[in-house]
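**Q** Next input, structure requested:
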Amino acid sequence: MTKPVSRSELSRLGKRGSYRLGLLAPQGMRRPAPPRPFTPSFSRSAHAGPAWAWIVAALGGAGLIAVGARAGLWFLPMLAGVITGIAVRRGEWRLSTTVLFVMAMCALGWGAALAGLALGGLPAGAAAKTIAGVAGLPAYAAVGVVVTLAVAVLQGLAGLWLGRAITPAD
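**A** Prediction:
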């Protein structure tokens, strides 16, 4: 059998502080700050930074990815994405700008490494054609190069997501 509800309890329903649920925390603990409200904006972000800084960072990251790719470090686009994700979360930059930044950085890095192999006299086109054929794709060198660049871009985007996910929002 349930206890009947009194009139005083009905009058307290929906009123702030009526049940003192916020006082259940141990003494001395503060309540966390409420989350920042989402405000859609169609204007430029104040945290975007100058364009030259984005270009220099992209070229520097692409250079590091290219050097690492020549050394056999195929996972550097993912590492660059993680570092970018952490920096972006701390700097509160827009995700749309950052995604394009990471895509360009990874594609330029691996593209430079592949171009360096081809210009160095190595049969990079023949290797790309063979790899594309073995992978079950059309046996063209361009297909092998595009798939390689796509994998680098996907690694960078996965790293960007991971970097943003492991960095707490302020």
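**Q** Sketch out the low-pLDDT regions of this protein for me.
**A** Applying pLDDT under 70 to the chain flags residues 1-3, 5-6, 9, 16-31, 43-49, 92, 170.
**Q** residue ranges for the helices of it, please.
**A** Assigned helices in the chain, in chain order: 7-12, 51-70, 76-91, 95-119, 124-134, 141-166 (criterion: DSSP state H).
**Q** Mind putting those into CSV with distance to residue 38?
**A** For every residue, glycine as well, the C-beta is placed using N, CA and C. Output for the helices of the chain, formatted as CSV (distance: least, Cβ to Cβ, whole Å):
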stretch, distance to residue 38
helix 7-12, 32
helix 51-70, 25
helix 76-91, 16
helix 95-119, 13
helix 124-134, 44
helix 141-166, 16
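**Q** Minimum distance to residue 32: which of the ones you listed has it?
**A** helix 76-91 (18.0 Å; Cβ to Cβ).
**Q** The closest one vs helix 51-70, what angle?
**A** 150 degrees (axes from the mean of the first three to the mean of the last three Cα atoms, to 10 degrees).
**Q** ok, and for helix 76-91, which residues are buried?
**A** Of all the residues in helix 76-91, those buried under the rule 16 or more other Cβ atoms under 10 Å are 76, 77, 78, 79, 80, 81, 82, 84, 85, 86, 88, 89.
**Q** Go through those residues and say which is closest to residue 62.
**A** The closest of the buried residues of helix 76-91 to residue 62 turns out to be residue 80 (Cβ to Cβ; 8.7 Å).
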